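**Student:** with the input below, show me the fold.
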Amino acid sequence: MHRRTFVTRAVASAATVAFLASPASAFAAPDPEPVGGAGVRPSSAADRDLPGLQAARGVVDPADKITPAATKAFRAQGDTAFWLRFAGEPDLSAARGITSWSERGEYVYDTLVAAAEESQAQAIAALEESGTEYTSYWATNAILVEDGSLDQAVDLAADAQVLEVRPTTRHVLEEPETTDGAVPNAASDSTYGIEAIHADDMWGLGFTGEGVVVAGLDTGVSRSHPALAAQYRGVTSGGNYNWFDSVGSSTSPSDDNGHGTHTMGTMVGTDDGAMNIGVAPGAEWIAANGCAAGCADATLVASGQWLLAPTRLDGTAADPAKRPHVVNNSWGLDFSTDPFMEDVISAWEAAGMFSTWSNGNKGEYGCESSGSPGSRTLSYSVGAFTPSGAIASYSSRGPGQSGTVKPDIAAPGSSVRSAVLDGGFEQWSGTSMAAPHVAGAVALLWDAVPELVGDVTRTRAILDGSARDVRDTSCGGTTDDNNVWGEGKLDVLAAYQLATKLAFDAAPEPVISGAEAKVGVQLTATVPAWSPAATFTFQWRRDGAKILGATGSTYTPRGADGGARLSVTVLGSATGRTPTARTSAETAVIAPTAITASNPTISPAAKVGTTLYAKSGTWTSGTTFTYQWLADGTPISGATSFTFVPTSAHLGKQLTVTITGKRPGYVTEARTSPAVTVGYGTFSMDVPRISGMSAPGARVSAVAPPATPARTTTNYQWKIDGQNISGATGSGFTIPASYDGRKLTVTVTGKRPGITTKSVTSAHSTVDRAFSASPSPTISGTARVGGKLTAKVGTWRPAPSFTYQWFADSVPISGATSSTYSLKGAQLGKKVSVAVTAREFGYATAVRSGGPTSAVGRAATAIPADDGFLVGSGSVPAGTYVAAAGSRFCSWERYSKTALLGQDFGYGQRIATVKSTDYAFWSDSCGPWVKYYSGTMEPRMSTSNNGIYMLGDQLQRGTYVTTGPADKGGSCYYAIIGDEFTGRPGGANLLSSGTAPDPKTITLTSGAKGFETANCTWRRVG
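**Tutor:** Okay, here's the model as predicted:
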């Protein structure tokens, strides 16, 4: 079975990852390997490797994507595990503007998962086909392949989405230094660290971290430790969403090492009977044990991913709303600026999660001893000081990545007393012990100043601005910010005081007003004066959930709001103040409103056998309908669709249709059409033809054409010179010798109850002497749409002239009167035959039939799947093509020699028009393309969730309605296409396009050529 959990874009280089708990021997990590550029689509054909085109500069050989370290691992081990890293990194910047904690997390999660699914699809398909075990990650867009070969890695690297192949690594755990002696300068009731950062002063103000969830990405946590048991978020609910075991399947937090228990104790521990050990004892904790088995890269990134969207113990039902607010990381790479975990950290921050990092324990080696991820600009790293207030000798110094000052801040790290295994307490030293002090301080600060929750950038600035400066420029920097102390000593009380100064003096909640709480009646959000004055952004909410697109100061409730309560959140901003969100009181329940409605009509004229349509008329946009047809006021059983075909039983009756309109938030309305009388129907029936040779003594037969509707009775009457031949009323007739030189015809009469009787007469055939040889024709060619058929007449004596008529299921094909015929879409599934008429002066006209063929098949593949091709008669001819992409994400592009001419992408059926002036055409995940032929399907009156349709041929024109997004978490997109399906930039080929978050009605007029839908179905109503 293949595991599908989705990880890492930036996988660690072969370096030592260690817990930063005490000094140890030096280990110089190699410089990180080049990361490479983002995986964007090329802007010209020269950048695309197209068959028949010479490889252009910049085309990457798949073998070049195998990093030197991976090549070495393959050579040493043969088949081995390796990472596939994928190009492209989704933009998560919009998450920072989302004020709801749950919605912000959901946005980040959805965006990352979608990006991973799109870029990894081709590689996963290849892995599935080969039966290779793999694990797919979304947090950093990578796949861990188990036991793969170098050849397999090169094959996978041929995927344009693959950025590089890296080896897996396993890291070393450094044991902490422990001491049990007295702690100098310790307070009598709290550790010296708590007092040094003034956490106890925050407690005195009533702030203990309540409402904040902290997490440890470490070796785990001892669930039973008395100083930690009560703060575990799963104390009553259990391990679901609260514990991630990356190396086993334990259902409750555990720790075989003790490191994670010690760091968690510093963050949230209560007392040990004599001394308080935790900075934020009122906060709750959850944990992931990514370092339980030597800090393997896979377990670290899997843990980081789980923290973004915690799951149940079995890995299901991810819920980003349950992510922690703060994550402590007391581990790292010595002497390194490797980008390991970089995009996980970015995703944490985008989701509003504050992460703290130990800066390293290599201070004895002097400057530039910081270790990643702490040394990275993105990370907030922590140095350590001692109980005496001096910097710890082991505390690593900066600068870090690109000369960045590191650490960012310093906290107590030496002789820190905290929880250990078996319910005990010990004093440990290291920057591992310093970082949890900062994590706990953030929990206190976010408890005290809720406006800061999720605002990582501003929180960092407040911690930096309130830190107590310590001058030490021995490794560069200034008194305010240097590479020994960073911004200085952590002071959470000063941070709170600074945050308070930055808060608005007055920030009242907005007020909603309006004539009434009703669908269709506008509501207005008014914000009382803030001090100082602020600028506002608005977000309207339905029962607490964000309403997409509702970001103005006014909002008119829609159908989906009926029965719900609305509120509005404002985010106020002012220079020098912390952005603050305030939410109004909820409205009363939004009441429904009346639907705008009109009486339906029936068209065309009501006749037996004619398809009738119930035209809805003008209703509130987005109204959906149910139908009931009635005859003389009595409902017709089963007649509940948009169309109805009267039978002879309805002849002369008064026909009506009642449509019932519904839309969320509106009062249901029913309207009935004016009555129409059902009249006699009419046959649609072509003329018959005489088959055989009209010679004295010959036997001829009448070929009766099909009729619509089908005849129930068919009568024949043969005629000579226009006069009925007595008794000649069968389908066949033997010509008497006396008819020589006369004109023979046959009349076919069709009858059906409720349908007006219709008679049609064949063309005449002159009776004359017979040909001595008159073979039946044969048909050669392929019976496939787009294929060419040829009628071969054989040898006649004497040689006559011929005329031809091709038939599909015995119905003449209009205009098909030559010896060859190219099959059109209308013939799909039908059997094709040909009638050859031979004429020669002095001889009887002879008609011979050939065929029929087998049922005409679908068109052959015109453009192979997933590749690029030159445009021209020798490769891809100009024309319009169709691909049935189905559930695959299909994308295609048209190129000139120097530029991108057009592109499109999406799910479901796709249509592309290639111009004769194009240079190349490329597609991916679309499957094979066939040339478009009209008539291959009966025009539909409804769409699938996704796809593009040719109007008038694949989809009827008319008025259509959608109920809104099929995936309620997404958005319904639609576009009306006005000319060819060329994918012109900027939507230049579109008449209109838009989104439909709610039910919507549109009209597809004669001026439109195509229609596209994404994540919504449409049904014709008029």
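**Student:** pop out the phi and psi values for the residue sitting nearest the centre point of the chain.
**Tutor:** Most central in the chain under Cα atoms, centre = their mean is A114, positioned 5.1 Å from the mean C-alpha point. The phi and psi torsions at A114 (degrees, to the nearest 10) take the values phi -60, psi -40.
**Student:** just give the closest residue to it, not the sequence neighbours.
**Tutor:** Leaving aside its chain neighbours, A114 sits nearest to P90 (7.6 Å; criterion: Cβ to Cβ, 6 or more residues apart in numbering). Quick note: C-beta positions are derived from backbone N, CA and C, even for glycine.
**Student:** can you name the residues that contact that neighbour?
**Tutor:** Listed by Cβ atoms under 8 Å, 6 or more residues apart in numbering, the contact set of P90 reads T111, L112, A114, A115.
**Student:** kindly provide the distance from the residue nearest to the centre of the chain to A125.
**Tutor:** Applying Cβ to Cβ, to the nearest Å, the value for A114 to A125 is 17 Å.
**Student:** again with R752
**Tutor:** 54 Å.
**Student:** neighbour count: those two, which is higher?
**Tutor:** More neighbours surround R752 than the other of R752 and A125, with 20 against 13 (other Cβ atoms under 10 Å).
**Student:** just to check, that one is in contact with M685?
**Tutor:** No - at 10.7 Å, R752 does not count as touching M685 under the criterion of Cβ atoms under 8 Å.
**Student:** if I look at the two, which residues touch both of them?
**Tutor:** By Cβ under 8 Å, 6+ apart, the residues touching both R752 and M685 are R711.
**Student:** hey, where'd the helices end up in the stretch 101-250 of the chain?
**Tutor:** With DSSP state H, counting those that start in this stretch applied, the stretch 101-250 of the chain shows helices at 101-130, 150-157, 192-196, 199-204, listed in chain order.
**Student:** just put these in JSON lines and tack on distance to F385.
**Tutor:** Shown next, in JSON lines, are those (distance: least, Cβ to Cβ, whole Å):
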{"stretch": "helix 101-130", "distance to F385": "34"}
{"stretch": "helix 150-157", "distance to F385": "47"}
{"stretch": "helix 192-196", "distance to F385": "8"}
{"stretch": "helix 199-204", "distance to F385": "15"}
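**Student:** most neighbours per residue, which of those?
**Tutor:** Ranked by mean neighbour count under mean count of other Cβ atoms under 10 Å, the helices of the stretch 101-250 of the chain are led by helix 192-196, which reaches a mean of 24.
**Student:** G750 belongs to a helix?
**Tutor:** No - assessed with DSSP: H, G, I helix; E, B strand; the rest coil, G750 is strand; it does not lie in a helix.
**Student:** what's across from it in the sheet?
**Tutor:** Following DSSP bridges, G750 is listed with bridge partners T714, K758.
**Student:** from T712, how far off is it?
**Tutor:** 8 Å.
**Student:** so F981 touches I948, yeah?
**Tutor:** Yes - with contacts counted by Cβ under 8 Å, F981 reaches I948, the gap being 7.0 Å.
**Student:** okay, and the common contacts of the two?
**Tutor:** Contacts common to F981 and I948, judged by Cβ under 8 Å, 6+ apart, are D904, I911, G1010.
**Student:** what residues does the last one make contact with?
**Tutor:** Spelled out, that is G1010. G1010 neighbours (Cβ under 8 Å, 6+ apart): I911, I948, Y949, M950, L951, I976, I977, F981.
**Student:** now swap in P965 and tell me
**Tutor:** Counted by Cβ under 8 Å, 6+ apart, P965 has contacts S971, C972, A996, P997, N1015, C1016.
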